[in-house]
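Novice: Give me a model of this one.
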Amino acid sequence: MLRRMTFLLVLPALVGSWTVPARGALPPAAEWVPRQAVLVLNVRDPKAILDLALRPALIEAVASSPAYKAQAATEGFQQFQDLVAAFENRFKADWKTILRRMSGGGVTWAVGPNQGHVFLLDALDAEAPRALHDLLVGILAGGQPVDPNRVNGVDTWTLGPKEAHAILGKRMVIATGPNTLHAILAMRDGGKARSIAAVPGYRQAVRAAGPDAAAVLYANSGLLKNAPAIAPVLAGDKNPLVSVLASPLLEAVARSNWLALGLKVKDTTLTLEAITDAAISASGAARFAVPDGPGDGALANLSVPRQIAAASLHRDLRGFYAAKDELFPERTSGLIFFENMMGIFFTGRDLTEEVFAETGPKIRLVVAEQKYDPAVGTPAPQLPAFALVLQLKHPEKFSLVVEEAWQKAVGLVNFTRGQKAEPGLIIDRPVHRGTKYTVAAFIPPPDGEKKPADVRYNFRPALAMPGHHLILSSTDGLAEDVMDALARETARPPAPRAGLHSVIEIEGGRVASILNANREALLRQNMVDKGHTRQQAEGEIGMLLDLVKHVSRVALTVGADGSRSKAALRVELDLPSGQNGGK
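Specialist: This next block holds a predicted model:
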């Protein structure tokens, strides 16, 4: 406490005792980053990001969360607030204005191959970085004065074994130790040719991110993909389902020399674009995701009532399974189990040529909230319904094969549940839009049975094959909604989204609704998994719900643009209107 009081007393003297070396205009921050850097983040339009992050509605949402309130009650947080208050008093401005002043000229962070970090902050005025220096002294040195070391005509300070910094006009340079800092300062004169700014891959990545990106992250993937923590990820997942989804993106990164991430901000919409200098190889293991031609790609997503999420993929399942030895060189237990079960369901048919070859490459998935039958009640927890939609090449001959496999699966479920003395499924054959489909359902609970209903009543698995489509759904209600959506498409068939192999969309409001409906179950799970008290669990789950309710919509598209792979994540926020925090 005495050290903190001392710092608050000497702060005005520290701020007023500066001398600034005069060297004229500073070059772009990238010219002070060594060319060996493997990661470089450049926030070149901090205002666009701060205008969104400092909205009063967003600040209020964070400040009112239980987790924030718990942290605000700690002694360390109180001390930090005292430091912030001292700066606000010194500069006659609130912390939001000070933050804008400190970062308004741009922020650059870089990591070298030896794990050295450098942080370059370009402020709007020369006084702001001096204030940050005082904050670092207050936190790391307890407010006690620290004598500078003169290096190449510049005062430098070291506040710990992993911290060293210097100030040059409006720019502050912070590095992990004196050696890293001295190497950065040595690049001030004629260092451009030795900097990351002269590396062709870096320049290409920055151009690919676009001039309207508020922030750009460059990664030297040629080096990073060999890192022990990253190489296993790029090697692919041993789970076939994860592999069919992620392999195309992982292969593109694995073949690349650089990766660029560009963040764009417009009003309350954030768009994060990822670009690599490589695409899926036509002869690679992930070739099953390559569209058939320049105008081909994934279809538009289906739209059903109460929709939570939807996905549309271009995946040649025959090609995927034909490449299984490349994707899964080791036969895992999961793959062996999958093959055994499929062999039972499809009566020993060859999975590559007699099963997956009968499906088209356009795959769609929908997830939706359920409407429960009052005669059954509302189960706890409440699970969303989901449906997989495939195309059939020869439905006239393959539909009976699928029907047989589906009924075998239902029979296996009934047999397994019967061994445990649990209720089984009863098969029915209703008709919707002229299509006779199959549904398996549990009989309703006896009158007077304790509510909520058992979790099994989340499921009424259904199989429908209208026209050239195959629908596998967890409920008959969603199966009928999907049939309605497909019928609407018949009048105006959707055009493929050229170049895209994956399109995923999530409705934030529906996600918040289903999470809130299962709040009690989430609390219990949090307490069991993390050993939390109910109060701690309510804090974590409350913060999750607060966060989700401010997300209106999320959309992810993945594909290729010429010889480059490209992914775009678009997040639309739902924030009350109001003025931006700070100016």
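Novice: Can you check which helix is longest in this structure?
Specialist: The single longest helix within the chain, with elements called by DSSP state H, is helix 395-419.
Novice: Could you list every helix and strand in contact with that one?
Specialist: Using 3 or more CB pairs under 8 Å, 6 or more residues apart in numbering; DSSP states H and E as the contact test, the elements touching helix 395-419 are helix 333-345, strand 438-441, strand 462-464, strand 469-473. No exception for glycine: its C-beta is placed from N, CA and C like everyone else's.
Novice: Those into JSON lines, with extra columns for mean neighbour count?
Specialist: As requested, the helices and strands packed on helix 395-419 are arranged in JSON lines below (neighbours: other CB atoms under 10 Å):
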{"stretch": "helix 333-345", "mean neighbour count": "13"}
{"stretch": "strand 438-441", "mean neighbour count": "20"}
{"stretch": "strand 462-464", "mean neighbour count": "25"}
{"stretch": "strand 469-473", "mean neighbour count": "22"}
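Novice: sorry, back to before: what is the orientation angle of the longest helix of the chain with helix 333-345?
Specialist: 110 degrees (axes from the mean of the first three to the mean of the last three CA atoms, to 10 degrees).
Novice: Between strand 469-473 and helix 395-419, find me the angle.
Specialist: For helix 395-419 against strand 469-473, the angle between stretch directions is 10 degrees (the same axes, to 10 degrees).
Novice: now do the same end-to-end measure for stretch 146-161.
Specialist: Its first and final residues considered, stretch 146-161 spans 14 Å by CA to CA, to the nearest Å.
Novice: tell me which residues in it are buried?
Specialist: By 16 or more other CB atoms under 10 Å, the buried positions in stretch 146-161 come out as 154, 155, 156, 157, 158, 159.
Novice: residues making contact with the helix or strand following the longest helix of the chain?
Specialist: Beyond helix 395-419 in the direction of the C-terminus, DSSP states H and E gives the next helix or strand as strand 426-428. Here strand 426-428 makes contact (CB atoms under 8 Å, 6 or more residues apart in numbering) with 407, 410, 438, 439, 440, 441, 442, 443.
Novice: who does strand 426-428 pair up with?
Specialist: Paired with strand 426-428 in the same sheet, following DSSP bridges, are strand 438-441 (antiparallel).
Novice: on that earlier part again, could the buried residues of stretch 146-161 be laid out in TSV, adding pLDDT, secondary structure and distance to residue 64?
Specialist: Putting the buried residues of stretch 146-161 into TSV (pLDDT from 0 to 100; DSSP: H, G, I helix; E, B strand; the rest coil; distance: CB to CB, whole Å) gives the following:
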residue	pLDDT	secondary structure	distance to residue 64
154	92	strand	44
155	93	strand	43
156	94	strand	42
157	93	strand	38
158	92	strand	40
159	89	strand	34
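Novice: What residues does residue 529 make contact with?
Specialist: Contacts here follow CB under 8 Å, 6+ apart; on that basis residue 529 touches nothing.
Novice: which SSE is it in?
Specialist: Counting by DSSP H and E, residue 529 is part of helix 519-530.
Novice: same thing with residue 226?
Specialist: Residue 226 belongs to no helix or strand, assigned by DSSP H and E.
Novice: ok, how many other residues are close to it?
Specialist: Using other CB atoms under 10 Å, residue 226 has 10 neighbouring residues.
Novice: go on, residue 509?
Specialist: By the measure other CB under 10 Å, the count of residues near residue 509 is 13.
Novice: cool, and residue 396?
Specialist: By other CB under 10 Å, 8 other residues sit near residue 396.
Novice: measure it to residue 226 for me?
Specialist: Distance of residue 396 to residue 226, computed by CB to CB, to the nearest Å: 51 Å.
Novice: And residue 202, by the same measure?
Specialist: In this structure, residue 202 and residue 226 are 19 Å apart, going by CB to CB.
Novice: Also residue 26?
Specialist: In this structure, residue 26 and residue 226 are separated by 35 Å, where distance is defined by CB to CB.
Novice: The residue nearest to residue 489 when sequence neighbours are not counted: what's it in contact with?
Specialist: Of all residues beyond its chain neighbours, the one nearest residue 489 is residue 302 (7.9 Å), with distances taken as CB to CB, 6 or more residues apart in numbering. By CB under 8 Å, 6+ apart, residue 302 lies in contact with 310, 312, 364, 366, 389, 482, 485, 486, 489.
Novice: Return the subset of those lying in strands.
Specialist: Taking DSSP state E as the definition of strands, the contacts of residue 302 contribute 310, 312, 364, 366, 389.
Novice: Can I get those in TSV including neighbour count and pLDDT?
Specialist: Formatted as TSV, those follow (neighbours: other CB atoms under 10 Å; pLDDT from 0 to 100):
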residue	neighbour count	pLDDT
310	23	98
312	26	97
364	24	98
366	26	98
389	23	98
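Novice: Out of those, the closest to residue 291 would be?
Specialist: Checking the ones in strands among the contacts of residue 302 against residue 291 with CB to CB, the nearest one is residue 312 at 12.3 Å.
Novice: distance of that closest one from residue 327?
Specialist: From residue 312 over to residue 327 the distance is 22 Å, taken as CB to CB.
Novice: Could you do residue 355 as well?
Specialist: The separation that residue 355 has from residue 327, given CB to CB, amounts to 18 Å.
Novice: again with residue 83
Specialist: Here the criterion is CB to CB. By it, residue 83 lies 53 Å from residue 327.
Novice: Can you classify residue 173 by secondary structure?
Specialist: Classification of residue 173 using DSSP: H, G, I helix; E, B strand; the rest coil returns strand.
Novice: which ones are touching it?
Specialist: Counting by CB under 8 Å, 6+ apart, residue 173 has contacts 32, 118, 119, 120, 121, 165, 166, 167, 181, 184, 185.
Novice: Please state the backbone phi and psi of the fourth one?
Specialist: Read it as residue 120. phi -110, psi 120 (degrees, to the nearest 10).
Novice: please begin residue numbering at 343 from this point
Specialist: Happy to do that; since the first residue is 343 now, the last one works out to residue 462.
Novice: Give me the pLDDT value at it.
Specialist: The score at residue 462 is 96. That number is its pLDDT.
Novice: wait, isn't it in contact with residue 371?
Specialist: Yes - in this structure, residue 462 is within contact of residue 371 by CB atoms under 8 Å, at 4.4 Å.
Novice: Comparing the two, which shows the higher neighbour count?
Specialist: Applying other CB under 10 Å to residue 462 and residue 371 shows that residue 371 carries more neighbours, namely 27 against 24.
Novice: Find the residue closest to the more buried one in space, skipping its chain neighbours.
Specialist: With sequence-adjacent residues excluded and distances taken as CB to CB, 6+ apart, residue 371 is closest to residue 450, at 3.9 Å.
Novice: In contact with that neighbour, which residues?
Specialist: When contacts are counted by CB under 8 Å, 6+ apart, residue 450 is found next to 371, 372, 375, 382, 383, 384, 385, 461, 462, 463, 464.
Novice: can you check residue 490 too?
Specialist: Under the criterion of CB under 8 Å, 6+ apart, the contact list for residue 490 reads 497, 498, 499.
Novice: Now do the closest residue in space to the first one that isn't next to it in sequence against residue 507, distance only.
Specialist: So that's residue 497. Nearest residue to residue 497 in three dimensions, chain neighbours excluded: residue 490, at 3.8 Å (CB to CB, 6+ apart). Using CB to CB, one obtains 10 Å as the distance from residue 490 to residue 507.
Novice: between the two, what contacts are shared?
Specialist: 498, 499.
Novice: so how far is the first residue of stretch 827-839 from its last?
Specialist: From its first residue to its last, stretch 827-839 covers 18 Å (CA to CA).
Novice: Pairing partners for residue 499 in the sheet, please.
Specialist: In this entry, residue 499 is beta-bridged to residue 507, by DSSP bridges.
Novice: and it, what does it touch?
Specialist: Neighbour list for residue 499: 475, 479, 488, 490, 491, 506, 507, 508 [criterion: CB under 8 Å, 6+ apart].
Novice: and the protein, what are its domains?
Specialist: Using automatic domain parsing, the domain parsing of the chain gives 344-540, 647-658+702-838.
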